[in-house]
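>>> could you look at this predicted model? Sequence included:
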Amino acid sequence: MPGSDQILVVLAGAVLAAIAVAVRLGIHIGSRPGGVDTWYFLASAEALRKTRRFPISLPQYLLQTPTESYPPGFVIFLALFPPGWLRRNFWLVSPLVDAAHLLLVYALTLRLTNSLVAAVVAGAVHALTPQLIAETRSLNPRAFGVFLGSITMYLILRSLLPVAGVTKSLLGPSPWYVIAAAVLASAVLFLTTTGVTFLVATGALSVVFGDPRYLAIALAGFVGAIVLSGGFYLRVLENYLQAVRFWRRNIRYRGLHPILDSPIYGDGSPGTRTVSWQAGSRWRSLVRLIGENPFLIPMVFAATPSFVVEWWGQRMYVWAIAILLWAFAVTFVRPLKVFGPGHPYMKASVMPTAFSLALVVSGDEGWRSPAGAIIAFSFLLSFAAIAVFYGYLRTRTSEHTSSTPPDLEAAAADLGRAIGDGVLCLPPMYADYVTFTSRKKVLWGGHSGDLSKFEAVYPVIRRPLDELIDEYRLDYVLLDLAYTDPEQLRLAGHLRPISRHGTFALYATERENAPRAAEAGVS
């Protein structure tokens, strides 16, 4: 490749990565980065640094098993960062990991197609998929896990590349160490994510192409995860089964408002005051699936004749379609809904989707083909979906999913200085932040282990809060008054105001034997 072409390739990749990072970080402009999952994973990394072994313990969560059994891979990754840097710059981690994933998609597409246009299209699909932008607004294992998943699937495909065929001249036959790397990567992937979409993809490849080796390598990685973790992965698997059982018991409540749809504090009409897309109609769910990944539309038309002879294209397409079908299945097939909402699974299909659409564009007709036109239209839909998402985040008056309200920060600081322990926080999505910054125990959980106690407050509140305050000896209640208030919770006679910052109010509980100096040190 001439030097000028190499410069163009590097420049195009750098521009795509810069666009991806900018779109992901633009969410935080004018706000303090935060996120729903961030503080749980920062606490987990902190606990791992102290013990340097698994399982870690997070006893500050009162409604779950104190010993964690969450997949350890991402926590280990976070623990490698200097703690001070990570606490200041956590908001950079997921966008940068996703940008690295984009560069992998870009480089691999360029290598396999020898087309810069195809590589740029693949990178642009990755950069502008709304779901990836939404997932990276918080510190969580999703971007990291999807990146590992793409690496793992590539290694599996590479290890099974036929000795003869058009792709041999590009990459050559697979030595034994590529297969070993595929098994090791599979093991690491299982230790980082649940591995559901990974098994769906490899299983589909084995069925469609009549080759059990795809699934066999994945299962070898499953065994490897158990061995590498010294058996800890079996606890991780049990943790996942606990979550499935939890949703089997509570699927009818998923997506409902914890208070407005509560049988205790609601208006007596459960299911009428939904707060998320998870509880919407089938049409609403379909709109969300398409809105989070508009590029699934042209995938219906992407199986062009070039796939008949293109080894990589065939397998990438089956990989993508298998995950997309799984996402639709868990969304619309009731028995499968216990595996969670369908839209989060789609992110694992972005790499093969990007490659498949790039093949269409690099074909003889390119953008002139019907599929090419639909791809162009999907980019327009993607821009629209991103704009809607940005607007949604900026118009929220409560339950901020990407930022930390300054008033919440001030209220949590008051709580940290106060005497006593144990806090009820509403809305519950702020509970992780509150316990991480105040170092107080919190009436929350749901991350790990037996979730039977968690059912008292989630998905809807099903036990009187005054009873829970007494049972767990909580000394404080922290409320966002834009979300709820003591009167609605029937706690007005049980709380004593301590401080207020904007809509955030901190109260001391009036339970028996509560510390009388609860507000000491709080202005």
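Sure, I can see it.
>>> low-confidence ranges, the stretch 101-250 of the chain, go.
Judged against pLDDT under 70, the low-scoring parts of the stretch 101-250 of the chain cover residues 163-174.
>>> now the chain
Scanning the chain for pLDDT under 70 picks out the ranges 1-4, 163-174, 268-281, 303-309, 363-366, 512-523.
>>> surely Ala354 meets Ala122?
Yes. Applying CB atoms under 8 Å as the test, Ala354 and Ala122 come out as touching, 4.0 Å apart. Backbone N, C-alpha and C define where each C-beta goes, glycine included.
>>> now the common contact residues for the two.
Where contact means CB atoms under 8 Å, 6 or more residues apart in numbering, the residues bridging Ala354 and Ala122 through contact with each are 105, 109.
>>> so if I had to pick from those two, which one is more boxed in?
Set side by side, Ala354 and Ala122 show more neighbours around Ala122, with 32 against 29, by other CB atoms under 10 Å.
>>> distance of that one from Ile156?
Computed as CB to CB, to the nearest Å, the Ala122 to Ile156 distance reads 19 Å.
>>> so what's the residue nearest in space to the middle of the chain closest to, chain neighbours aside?
When the chain is reduced to its mean C-alpha position, the nearest residue by CA atoms, centre = their mean turns out to be Arg142, at 4.0 Å. Here the nearest residue to Arg142 in space, its sequence neighbours aside, is Glu135; by CB to CB, 6 or more residues apart in numbering that works out to 4.6 Å.
>>> report the contact partners of the one you found.
If you count contacts by CB under 8 Å, 6+ apart, Glu135 has them with 94, 98, 142-143, 344, 347.
>>> name the nearest of those relative to Val460.
Taking CB to CB as the measure, Pro344 is the one of the contacts of Glu135 closest to Val460, at 21.4 Å.
>>> ok, that closest one - contacts?
For Pro344, the residues meeting the contact criterion (CB under 8 Å, 6+ apart) are 131, 135, 142.
>>> those strands in the protein, which residues are they?
Listed in chain order, the strands found in the chain under DSSP state E are 423-426, 476-480, 495-501, 504-509.
>>> looking at these, which is buried most?
Comparing those on average neighbours per residue, with mean count of other CB atoms under 10 Å, the densest one is strand 423-426 at a mean of 27.
>>> gap between it and the chain center?
Averaged C-alpha coordinates place strand 423-426 at 24 Å from its chain's average position (CA atoms, centre = their mean, to the nearest Å).
>>> before we move on, the earlier item: reformat the strands of the chain as TSV; add distance to Leu489.
Rendered in TSV, the data for the strands of the chain read as follows (distance: least, CB to CB, whole Å):
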stretch	distance to Leu489
strand 423-426	8
strand 476-480	8
strand 495-501	9
strand 504-509	11
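>>> and of those, who's closest to Pro406?
Using CB to CB as the measure, strand 495-501 is the one of the strands of the chain that comes nearest Pro406, at 8.0 Å.
>>> who's in contact with the closest one?
Residues from elsewhere that reach strand 495-501, judged by CB under 8 Å, 6+ apart: 406-408, 410-411, 414, 418, 476-477, 486, 505-510, 518-519, 522-523.
>>> my guess is Leu96 contacts Val21. True?
Yes. Leu96 is within contact range of Val21, at 6.9 Å (criterion: CB under 8 Å).
>>> domains in the chain, by residue range?
Per the record's domain assignment (automatic domain parsing), the chain is made up of the domains 3-30+69-241+280-395, 406-509.
>>> now those domains in TSV, with distance to Ile264?
Converted to TSV, the domains of the chain look like this (distance: least, CB to CB, whole Å):
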stretch	distance to Ile264
domain 3-30+69-241+280-395	24
domain 406-509	6
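>>> pull the contacting residues for Pro258.
Shown here is Pro258, whose contacts under the criterion CB under 8 Å, 6+ apart are 426-428, 457-461.
>>> farthest-separated two in those residues?
Among those, Leu426 and Pro459 lie farthest apart (CB to CB), at 14.0 Å.
>>> thinking again about what came up before, of the domains of the chain, which is nearest Leu62?
For Leu62, the closest of those is domain 406-509, at 5.3 Å, according to CB to CB.
>>> tally up the residues packed near Arg284, please.
For Arg284, the number of neighbouring residues by other CB under 10 Å comes to 12.
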